[in-house]
Each structure stands twice: as structure tokens, then as C-alpha cells.
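S.K.: Sequence plus predicted model, see below.
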Amino acid sequence: MERLQPLIKFLNKPFGVYEFKGISVEPRYWMAGAIVVLVFLLLLSLARLRYEYVHWSVSKPSLAMIFWGFIIAILFEGLLMVFGKTMFTEILGWKNAPKPISTIIDIGRNKFVTVMGASDEKASYKSVVTDYESLSDKEGEKVKDYICK
């Protein structure tokens, strides 16, 4: 184990401090090595994906891929709808969609929020006080410490 100490010291040594929007990042040599390995695996995966698409045929596995891709696209679209956007408006880069499209987006969003049971109501003073009073003494102290610090 003693023979590995110099290697471990070297791998944990930082090679600079970088500021990014108020966040200080101090990368280490092992992090850089991990990034190189991950980029290599990404390129390897993309090469394999390209190979699969070049030799692609419509069979059972490819239909399953299409099915799961469709499901993931629907879930992603639903998440975007909660935020008042859609893939269509994001791809076209519309900040303010035309009135008919924005109406359809609002209707879809309201229906999706109703189905999912989510609400985007902001907490009122009264609801915050009621929630605070319903906490146990220990949890109330934690909240008080968090807010007062």
C-alpha cells in the first residue's frame, strides 16, 4: 500500500482553480482522467450507434426501440408542457407562440396538470403558518434554525 501513496497523492493533486459564475472549481488529475475515459466511451457508443443505424432493419428489437423512444418523447413533452412550452415551440425558437398555438399549449398544460395532480399555486402566508404549526417541535426548531441563519 505504501508504494501506491505517491500515485494517490499525484492523482489527488489539483491542477488549477477556475472561477465560473461565482463557483470555484478545483479539478484534480483523477477527474481529468475520468473525463477522458467517459469521452472515449461516448465516442465508442456513438460509433456503435452509427453502425447500428447503417445496418438497420425493421425487426422486433427496432420496433421496441421505436416504442420506447415514443414513450420517452411523450414524457419529455409532458414535462415541457408543465413549464408552458412544447418541443415544437422550442425547436422553432418561439419566445411567444402565435395565439392559436399558445391556446392549444395552455389547454394541454391545464389538462396535463389536472391528470398529474400537480398544481402551481404559490404558498400563501396563511398556508405557510398552518404548515409550520402542524410540524413537530423538533421539525419546527429545524425550520426556525434554517430560516434564522
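M.R.: Yes, it's here.

S.K.: Can you name the next helix or strand after the helix ranked longest in the chain?
M.R.: As assigned by DSSP state H, the longest helix anywhere in the chain is helix 29-54. Per DSSP states H and E, the first helix or strand lying C-terminal to helix 29-54 is helix 60-82.

S.K.: Okay, now the unreliable bits of this structure?
M.R.: By pLDDT under 70, the low-scoring segments of the chain are 56-58, 81-85, 88, 116-123.

S.K.: Domain ranges for it, per the record?
M.R.: Using automatic domain parsing, the domain parsing of the chain gives 1-56, 58-118, 124-149.

S.K.: now, of those, which is deepest in the fold?
M.R.: Mean neighbour count (mean count of other C-beta atoms under 10 Å) peaks for domain 58-118 among the domains of the chain, with a mean of 12. To be clear about C-beta, it is placed using only N, CA and C from the backbone, and glycine gets the same treatment.

S.K.: what's the offset of it from the middle of its chain?
M.R.: Chain-centre distance of domain 58-118: 16 Å, with C-alpha atoms, centre = their mean, to the nearest Å.

S.K.: again, but for stretch 27-38
M.R.: Counting by C-alpha atoms, centre = their mean, stretch 27-38 comes out at 22 Å from the chain centroid.

S.K.: And stretch 25-36, by the same measure?
M.R.: On C-alpha atoms, centre = their mean, the centre of stretch 25-36 falls 22 Å from that of its chain.

S.K.: Next one: Tyr132 from Tyr146, what distance?
M.R.: 12 Å (C-beta to C-beta, to the nearest Å).

S.K.: and if you look at Tyr18?
M.R.: Taken as C-beta to C-beta, the span from Tyr18 to Tyr146 is 31 Å.

S.K.: next one: Ala47
M.R.: Separation of Ala47 from Tyr146 (C-beta to C-beta): 49 Å.

S.K.: residues in contact with Ser102?
M.R.: Contacts for Ser102 (C-beta atoms under 8 Å, 6 or more residues apart in numbering) come out as Asn96.

S.K.: Name the next helix or strand downstream of the helix or strand hosting it, please.
M.R.: Using DSSP H and E, Ser102 sits in helix 99-116. Using DSSP H and E, the next helix or strand after helix 99-116 towards the C-terminus is helix 125-133.

S.K.: May I have that next one exported as PDB, CA atoms only?
M.R.: Presented in PDB, the C-alpha positions along helix 125-133 are these (Å, rounded to 0.1, in the frame of the first residue of the first chain):
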ATOM      1  CA  TYR A 125     -48.900  33.400   4.300                       C
ATOM      2  CA  LYS A 126     -51.800  31.600   5.900                       C
ATOM      3  CA  SER A 127     -50.900  28.200   4.400                       C
ATOM      4  CA  VAL A 128     -47.200  28.600   5.400                       C
ATOM      5  CA  VAL A 129     -48.200  29.400   9.000                       C
ATOM      6  CA  THR A 130     -50.700  26.400   9.100                       C
ATOM      7  CA  ASP A 131     -48.000  24.100   7.800                       C
ATOM      8  CA  TYR A 132     -45.500  25.400  10.300                       C
ATOM      9  CA  GLU A 133     -47.900  24.900  13.200                       C
END
